[in-house]
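# okay, sequence plus prediction incoming.
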Amino acid sequence: MTDVKPKAVRRLGDIVFANLTFLAGISILLTLATVAAFLFAQSVPAFTGEPIEAAEHGFWAYVFPFIFGTVYASVIALAIATPLAIGIALYISHFANRRFSQILGYAVDLLAAIPSVVYGLWGILVLAPFLTPSYRWLNENLGWVPVFGGQVSATGRTMLTVGIVLAIMVLPIMAALIREVFLQTPRLHEEAALALGATRWEMIKMAVLPFGRPGIISAAMLGLGRALGETMAVAMVLSPAAVISFDMLTSTNSNTIAANIALQFPEAGGNYTNLLIATGLVLFGITMVVNMIARWLISRRAEFSGAN
């Protein structure tokens, strides 16, 4: 006589909840597919329609300076934000007392709630004039470095200013993520390093940083994805031009894709609108690739794959 396994009884509430969560999950995919389909459909006339004066040398010749500006500004922001985020995360997780670490963590997270237009106003009215004397000093003393050469902008609206503003904007995301990774470091690893005579810094170097390396890389990639798509702050601070320039202190700066769309779209019409949407499709592809890489890096670490 074979044993018959009893069927699990599914209540109505369980069935409804399971279907609702399924719909919530599938809605993300549908939204992503809808956006991608819209961008692709609206981009086709830019390639198949009548030639556009703004892109008389071809689409890629038109969009490449904006791709360069987008990546360049984001890399500058990442180079500034990454060490700051690591330092903040280490201080909150391993040095500050419990009460102050909570206050500091809350203050860092609060930066994420500030609208980008406020960052733009602060960047153009406060940060740019404040940094202009420093830019002159860099140009006079380190002008032999290619990125510090050229004629210094009198207004401070430069690529370096944009990079600093973007760094502050992505800092809360990166610091919060890295902080959580550092807090997950096994206590036994830290205690073993200290028991062997390691100092606090040596313990962090041997136990905390190696454990948190995947999280640091993932936070950097997520911050990069955030910086790539920023629009308002860049459009307000940057003095843009459709050029490819590595100079960080001059008034001739490469514009970003998002800022160019925001500035040109109100006056666009006909195929020019499709051209701008096509550049948006390029930005969509870049951010998708960056975020996919970030998710892949996160999933490599079993201890940090709880969201997967």
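Alright, I've got the coordinates. Just so we're clear, the structure is a prediction, and the values are computed from it rather than from any experiment. Numbers count the residues shown, from 1 in each chain.

# and the residue lying closest to M248 once chain neighbours are set aside, how many neighbours?
Closest residue to M248 in three dimensions, ignoring its sequence neighbours and counting by CB to CB, 6 or more residues apart in numbering: L160, at 4.1 Å. All C-beta spots, glycine's among them, are computed from the backbone N, C-alpha and C. If you count neighbours by other CB atoms under 10 Å, L160 ends up with 24.

# quick check on L160: phi, psi?
Dihedral pair for L160: phi -70, psi -40, per degrees, to the nearest 10.

# can we start the residue count at 59 from this point?
I'll keep to 59 as the first residue from here, and by that count the last item is L218.

# what residues does the lowest-mean-pLDDT helix or strand in the chain touch?
Taking mean pLDDT, DSSP states H and E as the measure, the chain has strand 298-299 as its least confident helix or strand, at a mean of 75. The set of residues that contact strand 298-299 without belonging to it, under CB atoms under 8 Å, 6 or more residues apart in numbering, is G127, T310, N311, S312, N313, T314, A317, N318, L321.

# what lines up beside it in the sheet?
The strands that strand 298-299 pairs with in its sheet are strand 311-312 (parallel) (by DSSP bridges).

# which helix or strand lies directly C-terminal to the partner strand?
Under the assignment DSSP states H and E, the closest C-terminal helix or strand after strand 311-312 is helix 315-322.

# report the rounded mean pLDDT for that following helix.
This predicted structure assigns helix 315-322 an average pLDDT of 84.

# now the helix or strand just after that helix: average pLDDT?
Remark: after helix 315-322, the chain's next helix or strand is helix 329-357, criterion DSSP H and E. Throughout helix 329-357, pLDDT has a mean value of 82.

# check stretch 212-224 too.
Summarised as a single mean, pLDDT over stretch 212-224 is 89.

# please apply the same query to stretch 300-310.
Taken as a whole, stretch 300-310 has a mean pLDDT of 82.

# ok, and what's touching that stretch?
Residues outside stretch 300-310 that contact it (CB under 8 Å, 6+ apart) are 120, 122-124, 126, 130, 134, 193, 196-197, 204-213, 215-218, 221, 297, 299, 311-313.

# just the buried residues from the residues you listed, in PyMOL please.
A single PyMOL command is used to select the members of these judged buried by 16 or more other CB atoms under 10 Å:
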select buried, resi 120+123+124+126+130+134+193+196+197+205+206+207+208+210+211+215+216+217+218+221+297+311+312+313
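
# among the contacts of stretch 300-310, which ones are in helices?
Secondary-structure check on the contacts of stretch 300-310 using DSSP state H: residues within helices are 120, 122-124, 126, 130, 134, 193, 196-197, 217-218, 221.

# pull the most distant pair out of these.
Across these, the longest distance by CB to CB is 32.0 Å; it joins Y120 and L196.

# ok so I302 is a helix residue?
No - counting by DSSP: H, G, I helix; E, B strand; the rest coil, one finds I302 to be coil, located in no helix.

# what sits closest to A135 if chain neighbours are left out?
Across the structure, with CB to CB, 6+ apart as the measure, the residue nearest A135 apart from its sequence neighbours is L224 (3.5 Å).

# distance from the chain centre to the helix or strand where that neighbour lies, please.
Element membership of L224 [criterion: DSSP H and E] is helix 217-241. Using CA atoms, centre = their mean, to the nearest Å, the distance from the centre of helix 217-241 to the centre of the chain it belongs to is 8 Å.

# just the buried positions in it, please.
In terms of neighbour count (16+ other CB under 10 Å), helix 217-241 has its buried residues at 217-237, 239-240.

# now that helix and helix 315-322, what's the angle there?
Between helix 217-241 and helix 315-322, the angle formed by their directions is 130 degrees, by axes from the mean of the first three to the mean of the last three CA atoms, to 10 degrees.

# which ones are touching V292?
Contacts were defined as CB under 8 Å, 6+ apart; by that measure V292 touches A131, G178, V220, V223, L224, T314, A316, A317.

# quick check: it vs I182, distance?
Here V292 is placed at a distance of 11 Å from I182 (CB to CB, to the nearest Å).

# try G338
Relative to I182, G338 is positioned 25 Å away (CB to CB).

# re earlier: TSV please, covering the contacts of strand 298-299 and showing distance to V348.
What follows is the contacts of strand 298-299, written out as TSV (distance: CB to CB, whole Å):
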residue	distance to V348
G127	16
T310	27
N311	22
S312	19
N313	19
T314	14
A317	18
N318	19
L321	23
